[in-house]
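Student: Sequence plus the predicted model coming up.
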Amino acid sequence: MLSPTPPQAGSQPAITFREFVALMAALMSINALGIDTMLPALPDIARDLGMTDENQRQWVILSYMFGFGLTQLVYGPLADRYGRRPVMLVSLLLYTATSMIASFATSFETMIVARTLQGMAAAASRVLVVSMVRDCYSGRQMARVMSLSFIVFLAAPILAPTVGKLILLVAPWEAIFHALAAFAAGLAIWMTMRLDETLHPEYRRGINLREIASAARQVVSNRCSLGYTLGLSMTFGAMIGFITSAQQLFTDVFAAEDIFPVVFAVIAGSMGLASYVNSRIVLRLGSRPVSHTALVGYITIGAIHLASAEFIGETLVSFTMFQFAIMFCSGLLGSNFGAMAMEPMGAIAGTASSVQGTISTLIATLIGIAVGQSFNGSSVPVVMGFFVGGIGALLAVLFAERGKLFRPQHSMAAPAQ
C-alpha cells in the first residue's frame, strides 16, 4: 500500500494527502452539481421550453443520468491505456462545452440532447476518481479515502439547490449552466497544475476489445464485485427517484417551495454525517459489518416510513425526519459497497470501475424513472422506492456473501498499485 502522499511521476509540485482528497471530492461533485443545481430551475426551464406535463420536466435530470451511465464503459479502457490524467482533462473540457450548449437551448429536444451529452462528459468523474483512488490505496484505507472524499463531495448536493436558487434571484436559468462550465474549467486548471499521473506505467493496458471483454467478464463473474454493484444500484436508484421528484414533492405535496433548498440540504447533510462516521469506524470495524448494519437500518426505516405514509399521512416534518434517517444509512452504504465491489479488481481498476459504473447507473436510472414517473401528488411512490430498493440491495448482498451477513473483513485485494 502506498503512503498517504500519492505517487508523483513528473516534476510538478507534490500533492498532499488532504489536497488529493479535496481534488477527488471536487471531481466527484461535478456530477452532483450538474443535477442538483437544476432542481430549483426546473419550473422555469419547463415554462421557457414548452414542457406542459409536470412529470416531463424530470427528463432534464433523467437524460443527464442516461448519458452518465452510457459512457462510463468507454472511459475505463481509455484511462487504462492513456492514463487517468489526460482522459479526465478532456472530459472536463467537454463538460464545459456541453454546459454552454445547454445554456443556449431553445427547445425541449435541444435541452435533452445537451443534457445527455453533459452527462456523458461527467461520466469520467465517476470512473476515474475511483480508479485514481484505487491506484493509490486498497482495502480499508481505500474505503477511508473514499469516505473522506465523500464528506467534502457532499457539500455539493447540500449547497447546490441553494446555489441554484441564489443564481435565479439575479439571473435567468441559463446562468446556472454558465456556472457549471466555469467550475469544470477551474477543475481542469487545478488538475493540470497539481496532479500527476497516478497509473503506474507497468499497469497500462492496450485498447483491445478481447481484453476489455475479458475484464468485463471478471467484473460480472466475481460474486463480490457483481453483488455489491447491484446493491449500490438499488439504493442509488431510490435516490434518483427522490431527486427527480424533489421539486414536485416540496412544491405540490408540502407547499414548501420557499424552504426547499434548506430542507434538501438538511436531508443531504445526513449523508455527509454518515460518511464522517464511516471514516472514523471503518478501519476498526471493517466495511462489511458497517454496511450490513446500515442496510438493515435502511430497510427498517423504509418499512416504517412506508406504513406511516400509507396509513397515517405525510407531513413535511415526518418526511424530513424519515429521509434524514434513511439517507444517513445510505451514506454508510455507498462508499463501503463501492470499495468492496472494487476490492478484487485492482489489476483492472479502470475497466472494472467503468463496468461497475455503467451497470449501477443504468439500473439506477431505470429505477429512478419508474419512481419519478409514478409521482401522483403524494410521497408514497418515493417512499416505496426506498423500501423496495433496500430489499433489492439486501438480495444482492446476500448473493455477494453467499447468504451470510456481518462476516469479518477479509482481504480480497490485488496488490496495491
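Tutor: On my side now, so go ahead.

Student: Please, where are all the helices along the stretch 51-200 of the chain?
Tutor: 59-70, 72-82, 84-103, 108-136, 139-153, 155-170, 174-194 (DSSP state H, counting those that start in this stretch).

Student: Mind putting those helices into CSV with mean neighbour count?
Tutor: Where you see a C-beta, it was placed from the backbone N, CA and C, and this is true even at glycine. CSV is the format used below for those (neighbours: other C-beta atoms under 10 Å):
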stretch, mean neighbour count
helix 59-70, 24
helix 72-82, 23
helix 84-103, 21
helix 108-136, 25
helix 139-153, 24
helix 155-170, 19
helix 174-194, 18
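
Student: Of all those helices, which one is nearest residue 294?
Tutor: helix 139-153 (12.5 Å; C-beta to C-beta).

Student: and that closest one, what's its mean pLDDT?
Tutor: Averaged across helix 139-153, pLDDT comes to 68.

Student: List the residue ranges of this protein that fall below the pLDDT cut-off.
Tutor: Regions of the chain meeting the criterion pLDDT under 70 cover residues 1-14, 138-144, 147, 150-154, 211, 346-347, 349-350, 408-417.

Student: now the strands: where do they sit in it?
Tutor: Applying DSSP state E to the chain gives no strands.

Student: For residue 391, list the residues it contacts.
Tutor: By C-beta atoms under 8 Å, 6 or more residues apart in numbering, residue 391 lies in contact with residue 299.

Student: With the flanking residues excluded, which residue is spatially nearest to residue 405?
Tutor: residue 292 (4.6 Å; C-beta to C-beta, 6 or more residues apart in numbering).

Student: The one you found: what's it in contact with?
Tutor: With C-beta under 8 Å, 6+ apart, residue 292 has these contacts: 397, 405, 406.

Student: Pull up the gap between the residue nearest to residue 325 when sequence neighbours are not counted and residue 91, please.
Tutor: Counting by C-beta to C-beta, 6+ apart, residue 325 lies nearest to residue 301, which is 4.9 Å off, once chain neighbours are set aside. Distance, residue 301 to residue 91, by C-beta to C-beta, to the nearest Å: 36 Å.

Student: same thing with residue 250?
Tutor: Counting by C-beta to C-beta - residue 250 and residue 91 are separated by 32 Å.

Student: Likewise for residue 180?
Tutor: In terms of C-beta to C-beta, residue 180 sits 14 Å off from residue 91.

Student: can you check residue 84 too?
Tutor: When residue 84 is compared with residue 91 (using C-beta to C-beta), they lie 11 Å apart.

Student: For the residue nearest to residue 325, list the residues it contacts.
Tutor: Residue 301 touches 322, 325, 326, 329, counting by C-beta under 8 Å, 6+ apart.

Student: any idea how far it lies from residue 158?
Tutor: 20 Å.

Student: got it, and residue 81?
Tutor: 36 Å.

Student: picking that back up, out of the helices of the stretch 51-200 of the chain, which gets nearest to residue 37?
Tutor: Among those, helix 155-170 sits nearest to residue 37 (C-beta to C-beta), with 3.9 Å.

Student: tell me what that closest one is packed against?
Tutor: Packed against helix 155-170 by the contact rule (3 or more C-beta pairs under 8 Å, 6 or more residues apart in numbering; DSSP states H and E) you find helix 17-36, helix 174-194, helix 260-285.

Student: what about residue 24, neighbour count?
Tutor: If you count neighbours by other C-beta atoms under 10 Å, residue 24 ends up with 26.

Student: For it, give its distance to residue 200.
Tutor: 18 Å.
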